Every structure is written in C-alpha cells, then in structure tokens.
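1. Turn this into a model:
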Amino acid sequence: MAKPTAWFRERNLLLAFLSVGGAERIAWAIVRPGVAHSEAASVAISLAQGRGFADAYAAGQGATAHLLPITPLLASGVYRVFGIRSLLSEIILACGSIGLALGSYLLFYRAFGRLGVPQWARLGTLAFLCLAPTYIGQEVIDFRIWEGGLTAFLTAVFLDRVIRQADASRGDWQRIALFAALNAVIFFVNPVIGIGCYCCSAILLFQTIPWRRIIPAGIIAALCLALFVVPWTLRNKAALGTPVLLRSNGGLELALAMYPGAIRPADPVKTMETRLKAIHPFGNPAVLRRMHAAGGEVAYARALGTQAITWIRSAPIDAVTIAIRHVTEVYAPRPWQFTVSARGTGTSIKALCAMLVGVLGLAGVLLAVLQRRRHWIYPALMATVPVVLLAPFQPVPRYTYMFYALLAYCAAFLISSLVDLFVRARGGTDMPVA
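-> Numbering: from 1, shown residues only. Down below sits the predicted model:
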C-alpha cells in the first residue's frame, strides 16, 4: 500500500500549498483593496455599458483594437450581471484571476512530472510559487481583465497536453482538431505565446502523424485560427476603417521601447514615465488630442511605429543593445520594472525572486537540451521563442509573468540534477523520482 499512501500524502501537500497560496492572495486583496485602472478595464466597462468594444484610452474615444477581445468580454459579462466596479464583481474577477494563477501552477506541476522532474523538486517549486509574493499584484488585480493570467493557464494546459500526446504512438483526427483549436485560442489571447505553441505543435505533428496527414492537419489549424482572426479583422475594418488583424498598438509599443533615450537610461523609471507621458494616450488628454488629430489610434500607432523603425535602421547597434537588454529583463527582471507597475512595496524582493527563477530556469532548459532529455524541446521552445519575439518591446511584469511558472519548474529540474550529482559524488543513491 506504499503507492496509495504516497499519493494521499502528495495530494494533501498539493491541497495545502494551493490553499495557503489562495488565502495569501485573498488576504492581500483585503489588506490592499483596489481595482484595475487600465485600457483593458476601460474597454470592459464600455462593453458593460453597451458602448461596444471602445474607449481604451479615454471615455468617448470611440472604437478600439488596442487589445484582443476575449478577456475584456469575459470581464464585461461579470460587470453587466453584477454591476460595474461593484464589490461582488471585483470579488468574482479576483477569484477568477487567483484561480487561473494557482491552476497554472498545478498544471505545470503535472506537466513537468511527465518530463521526469522529481516529485520533491516539483513540490518545492509549487510551494515557492504559491507562497512567494513575486507577482501577487498582477494575480490579484491586473489579471482580472488583462490576459496574462489566462495566457499562463492556457500555456500550462497546452504544455501538459503536448507532452502527453508526444508519448502517444499516433495522433488521430480528433486530437489534431483539439490541438488546432487550443492553439488558435492561445494565439488569439496572446499572439506571442501562441507562436511558441505553434512551434511546439509543428514538431509534435511531424513526430506523431503520418506524412500524408501533415497538409490536412495544417489546413485544420489554419481554419481554426481563421475562425477567430477573420471575424475580428472584419469588425476592425467596419469600426476603425482599416483591417487590423490583431491589435492596433504595435507601433505605439515599439516606439515606447525603441528610441535614443532608451539606450542607456540613467534612471529607467523616470525615463519610462517620461516616454509614457510623451506618447501614450491613456489618461493623457494632450496626447489623446494628438492621436485624434493624426487620424485615430490606428494611424497614430502606425506613425509612431514608422518613426521607431526608421530610428532602428539608422542605429542598428543601439537597437540591438536595447533588444538584448529586454531579453535579459525577461529572465532577470530589475526592481524598477516592478516599480513601473507598482502593486505595493518589496520591489527588490520581487525582482530577486523573479531573477533567481529566470536565471536558474534558463540554465535548467539548457541542461535538459544538452542532455537530450525526452520532450524537453517543448518547454525549451516555450521559454525562448516568445522571449525573442518580445525583444523589441519593453518587458513589464504583465509580460514577464507569462514565463514565471514555466521557468520555475525548469529551475526545479536544474536543482534536482545538481542534488542528484552531489548525492552520487558522495557515493549515495539517486534522489527518488516520486
């Protein structure tokens, strides 16, 4: 009866960690009550009030494509039923956000068990993720409406499923369709993470289905993606006058990050705040007027993007320097990044936790790939491809969070490998896998 006893003990530990993590976040929400003030929240309120997908930057702005619609639509449904900014609405949204965070931690726990990470290391990682306050502000407030929490959860679902499917001898049409649908949903929630998932799915297809099914599988994937992108593009064409495929703010975000003042800022917080005040329309009447004068949010963002690209071409070394720094700020976030998205104090501690997770996790990915560990190509792609795609843009906690739990379990693999190496060097036996 050893195995049932071990399973019972593991289940109790999982429940304990998740319960304490949930209680910690609820307590934080009670002690530091607040609501999200952001473009996403503005759109959700506009939807709930019947004004449509609009007013991302300010009330009365009009139609927008600043962000993708899934999470604002979900939040607007809560607001419409239970009241805009009502206590009950915010409790429901906060509980949903916290549930997504804890759910993603648990799903990554199972996924990395399939990858051979020992149980003790995964339990330690889950305890750390549940108890460490690294991204507690994002998990309790920001992700009530922004997509980061849902993105992390769907990433965990995807990784768990793709590793399981990789062990199957063949993929049938039902599984192909399910993966195509899941990929499309993830891409439409967060395109950058979605591209990482599509890379993983391409490898999975080549490994698990006959060559004659590759093209039909690709057609199914394209059709699933079109079910999301085409209606959204047509809506944007009708509402904005131009067929925006995904989001309209690409040029704006590029201009926020790629300009001469970002090369070697002496005070990154002040530099970022100054740049936001200079070109970002949210809560900024002067910039909002310039945006309208330029022809609206699409024309304004495209003009800024053109300026940024022109500067990148004129100073490629400086642009690459900024991009490399952005990559390091994903894996090793600085305290100032948490200050920009301030959710309380302790930014240095939060940055330290995130940096340890990122650096050790990246080292764990490298070790697993060098050792040619089975199926580790999937977390390796998820931990690197989206980061490279994000390199031109300034990473903030909403972005770095999406890699946090993934890298934490990769760090668990590194630590367990080092412990195993130490035990062997001392002449003992390997640490137990489960």
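2. so after the lowest-mean-pLDDT helix or strand in the chain, what's the next helix or strand?
-> When each helix and strand of the chain is scored by mean pLDDT, DSSP states H and E, helix 2-31 comes last, with a mean of 87. Counting by DSSP states H and E, the next helix or strand C-terminal to helix 2-31 is helix 39-48.
3. What is the least confident helix or strand of the chain packed up against?
-> Helix 2-31 is packed against helix 87-114, helix 119-131, helix 136-140, with contacts defined by 3 or more Cβ pairs under 8 Å, 6 or more residues apart in numbering; DSSP states H and E. All C-beta spots, glycine's among them, are computed from the backbone N, C-alpha and C.
4. Contact partners for residue 84?
-> 45, 48-49 (Cβ atoms under 8 Å, 6 or more residues apart in numbering).
5. The least confident helix or strand of the chain: which residues count as buried?
-> 14, 17-18, 21-22, 24-25, 28-29 (16 or more other Cβ atoms under 10 Å).
6. Among these, list the two that are farthest apart in space.
-> Largest separation among these by Cβ to Cβ: 14 and 29, giving 22.7 Å.
7. which residues in the stretch 301-434 of the chain form helices?
-> Ranges of helices within the stretch 301-434 of the chain are 316-331, 335-340, 347-370, 377-390, 397-425, based on DSSP state H, counting those that start in this stretch.
8. Quick check: chain neighbours aside, which residue is closest to residue 191?
-> Take residue 191 and drop its neighbours on the chain: the residue closest to it by Cβ to Cβ, 6 or more residues apart in numbering is residue 246, 5.6 Å away.
9. Likewise for residue 417?
-> residue 367 (6.2 Å).
10. Settle this for me: that neighbour is touching residue 415, isn't it.
-> No: judged on Cβ atoms under 8 Å, residue 367 makes no contact with residue 415 at a distance of 10.6 Å.
11. so residue 315 makes contact with residue 260?
-> Yes: at 7.5 Å, residue 315 and residue 260 qualify as touching, with contact defined as Cβ under 8 Å.
12. Of the two, which one has the most company?
-> Of the pair residue 315 and residue 260, residue 315 is the one with more neighbours under other Cβ atoms under 10 Å, namely 16 against 11.
13. which phi and psi does the more buried one have?
-> Phi and psi for residue 315, reported as degrees, to the nearest 10, are phi -140, psi 70.
14. With residue 396 instead?
-> Dihedral pair for residue 396: phi -120, psi 170, per degrees, to the nearest 10.
15. how about stretch 105-122 as CSV, C-alpha atoms only?
-> The C-alpha trace of stretch 105-122 is given here as CSV (Å, rounded to 0.1, in the frame of the first residue of the first chain):
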residue,chain,number,x,y,z
TYR,A,105,1.0,26.3,-11.1
LEU,A,106,-0.8,22.9,-10.6
LEU,A,107,-0.9,22.1,-14.3
PHE,A,108,2.8,22.9,-14.7
TYR,A,109,3.4,20.6,-11.7
ARG,A,110,1.8,17.7,-13.6
ALA,A,111,3.5,18.6,-17.0
PHE,A,112,6.9,18.6,-15.5
GLY,A,113,6.2,15.3,-13.8
ARG,A,114,5.7,13.9,-17.3
LEU,A,115,9.1,15.4,-18.1
GLY,A,116,10.8,13.4,-15.3
VAL,A,117,11.3,16.2,-12.7
PRO,A,118,11.3,14.5,-9.3
GLN,A,119,8.3,14.9,-7.1
TRP,A,120,10.2,16.5,-4.2
ALA,A,121,11.5,19.2,-6.6
ARG,A,122,8.1,19.9,-8.1
